[in-house]
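S.K.: Model the structure of this input:
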Amino acid sequence: MSASTGRGRDKSSLLMMALTFISRLLGILRGRVLALCFGAGWMADAINFTYNIPNNLRKIFAEGSLSASYIPLFSRSAEDREHSLKLYRQLVSFLLVIFAVLVLATIFLGRQVVGLLSGFEGEALDASSRLLPWFMVFLSLTSLSCLCASVLQARGRFLASAASPIAYTLSVIILLPLMTRRSSYMAMAMATVIGAVAQLLVVWVPARMAGFSFRFDFHWRSGDFPTMISHWLPASLAALSAVITQAFSLYLASGLEEGSVTALSNAIVFQQAPYGIFHASILAVFFPLFAKEEDGRGLLGEAMVRLMAFLVPSAIILMAMGEECIASLLQDGAFTQVDTARTAAVLTWLAVAMPFSSLSALAGRYLNACDRYSAALVVSVVSAVVDMASSYFLSIGYGVRGLAMAQGLSSLAGLLVALGFIGRGSWLLDTARRLGHVLLADIPLLLLALGYMKWNPRYSEAGSTLPVLLTTCALGLVFVLVTVLSYLVFRVGFLRRKPSKST
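M.R.: All right, here's what the predicted structure looks like:
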């Protein structure tokens, strides 16, 4: 690979990371708008629960198993536009048929679906069943956006695909306050669909300009489509286990005290801010390398070390300042201090689980890169079983916090099973040594966090005000600076320009 190609890939990675960072910040702002408009009562629970149904199905039909199946095919045929165009048209036709069926099913059977998946009754059940068809339309538009973005990425065009989620979130942030007074919770349905249309246009227009015009193609036995389906089906089984796990968690949350679903959903948004940025960016660099190496376990170890260098400090900061972050951004209007405390308690345990979740997911993708789909499926199933069993029992004693605790247990179980398939060796000892070095470098940050929690300034009780926000940002910057200085002292080399070869 030429130096210019390497520099181009580095620039693309930095662009994706920067825009992902903006998208995550806007996602938190979207959570604030939701909290201001709907608080944390039955209406917010109905919205968050229903939205998570199609959002979880994205693991199968959008950025999850389906995109993982067709992206390599688009990449290999990048120079053959007609070949790629045929697969593009087949996929759009396929998705439109699937989602036409799903939308119609939720229109006529939405109440039964929500009743089966939740513990809602009365107003919450009515609201959720009315919202579900709209959110399935959102899923269909998002899946088409993902397809268009993949076509562009296969041709080295990353700007539109990275900007499209920003268009969606901005649309919801702007439209929701304008519509809520007139349409109540249905404002969320309309804002979500309009935002999804904006997201699709951002990637559809450049895809159309690149020559990817659309017309129906139902000849699904020709071209690369059968190959794509043969890859998608086994990968979907692993994704389905994650969907079932999340649905079960939401079902349990919907039967707990009012506000539990919203607390879980908001806590996940804050957890996903660092997780989404660092995990996605590092995986994007290392995943193609895994497939190229005959024995990529050394690369896997290096990826694990880099992940932990970012995510362990992120977890410590979230545990120490989770309540302050939530209060500064969400605690206003109908979202009270009680809601902040409940969400922060969930976020604490999600932060503990975050490093294990990332390592488990990374190990699973390594197995996929090695064409060991059955092993990756076993990892997913074990994680799902442990998650559902522990969620059930822990929710009895700890409420919604128990669902977050279960994520840590299931991720740890999945990681151990994945390492069993990957195998031991010198790579594992070297990785453990380097991980220990990272954890040692994080001790100063941990001590600072413990001291801060013992001090407990309680300034965030004032809620979402400018002084609280500025104080939270300033304290967060102190934590980040301590981490950087400690890493410099301990010589944690997680910012090397290029991954090293496997050892």
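
S.K.: C-terminal to whichever strand or helix holds residue 92, what's the next element?
M.R.: Taking DSSP states H and E as the criterion, the element that holds residue 92 is helix 81-117. Next helix or strand after helix 81-117 toward the C-terminus (DSSP H and E): helix 122-154.

S.K.: so after that next one, what's the next helix or strand?
M.R.: Past helix 122-154, the next helix or strand by DSSP H and E is helix 159-183.

S.K.: what does that following helix rub up against?
M.R.: Helix 159-183 has contacts (C-beta atoms under 8 Å, 6 or more residues apart in numbering) with 15-16, 19-20, 22-23, 26-27, 29-30, 33-34, 36-38, 142, 145, 148-150, 152-153, 187-188, 190-192, 194-196, 198-203, 205-206. (C-beta placed from N, C-alpha, C; glycine too.)

S.K.: at 6 Å what do you get?
M.R.: 16, 19, 23, 26-27, 29-30, 33, 37, 145, 149, 152-153, 187, 190-191, 194-195, 198-199, 202-203, 206 (C-beta atoms under 6 Å, 6 or more residues apart in numbering).

S.K.: Now do the helix holding residue 92 and helix 122-154, the angle between them.
M.R.: 160 degrees (axes from the mean of the first three to the mean of the last three C-alpha atoms, to 10 degrees).

S.K.: buried ones in helix 81-117?
M.R.: Buried residues in helix 81-117, counting neighbours by 16 or more other C-beta atoms under 10 Å, are found at 83-95, 99, 102-103, 106, 110-111, 113-114, 117.

S.K.: Show me what that helix is packed against.
M.R.: helix 122-154, helix 225-254 (3 or more C-beta pairs under 6 Å, 6 or more residues apart in numbering; DSSP states H and E).

S.K.: What angle do helix 122-154 and the shortest one make with each other?
M.R.: Meaning helix 225-254. 150 degrees.

S.K.: Check the gap between residue 97 and residue 103 for me.
M.R.: Remark: distance between residue 97 and residue 103 (C-beta to C-beta, to the nearest Å) = 11 Å.

S.K.: go on, residue 330?
M.R.: Taken as C-beta to C-beta, the span from residue 330 to residue 103 is 32 Å.

S.K.: if you skip the residues just before and after it, what's nearest to residue 238?
M.R.: Of all residues not flanking residue 238 in the chain, residue 380 sits nearest, at 4.0 Å (C-beta to C-beta, 6 or more residues apart in numbering).

S.K.: Restrict stretch 106-115 to CA atoms and write it as CSV.
M.R.: Extracted C-alpha coordinates of stretch 106-115, given in CSV (Å, rounded to 0.1, in the frame of the first residue of the first chain):
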residue,chain,number,x,y,z
THR,A,106,-47.4,-3.5,13.3
ILE,A,107,-50.3,-1.4,12.0
PHE,A,108,-52.8,-4.3,12.6
LEU,A,109,-51.0,-6.2,15.3
GLY,A,110,-49.0,-3.5,17.1
ARG,A,111,-51.0,-3.7,20.3
GLN,A,112,-50.5,-7.5,20.5
VAL,A,113,-46.8,-7.1,19.8
VAL,A,114,-46.3,-4.5,22.5
GLY,A,115,-48.4,-6.5,25.0
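
S.K.: Report the buried residues of the host helix or strand of residue 470.
M.R.: In the assignment (DSSP H and E), residue 470 maps to helix 466-490. Going by neighbour count (16+ other C-beta under 10 Å), the buried part of helix 466-490 is 468-469, 471-472, 475-476, 479, 482-483, 486-487.

S.K.: ok, back up a step: could I get the average pLDDT for the helix holding residue 92?
M.R.: The average pLDDT for helix 81-117 rounds to 92.

S.K.: All further residue positions should be reported with the first residue as 31.
M.R.: In the new numbering, first residue 31, that becomes helix 111-147.

S.K.: So what's the gap between that helix and the chain middle?
M.R.: In terms of C-alpha atoms, centre = their mean, to the nearest Å, the centre of helix 111-147 is found 22 Å from the chain centre.

S.K.: Can you read off the pLDDT for the nearest residue to residue 278 once chain neighbours are set aside?
M.R.: Excluding the flanking residues, the one nearest residue 278 by C-beta to C-beta, 6+ apart is residue 418, at 5.0 Å. At residue 418, the pLDDT value in this model is 96.

S.K.: what are the phi and psi values for residue 418?
M.R.: phi -70, psi -40 (degrees, to the nearest 10).

S.K.: and the gap between it and residue 274?
M.R.: The gap separating residue 418 from residue 274 is 8 Å, by C-beta to C-beta.

S.K.: if we can go back for a sec, which members of the buried residues of helix 496-520 define the maximum pairwise distance?
M.R.: 498 and 517 (28.9 Å; C-beta to C-beta).

S.K.: Next, find the distance separating residue 346 from residue 381.
M.R.: Residue 346 sits 8 Å away from residue 381, going by C-beta to C-beta.
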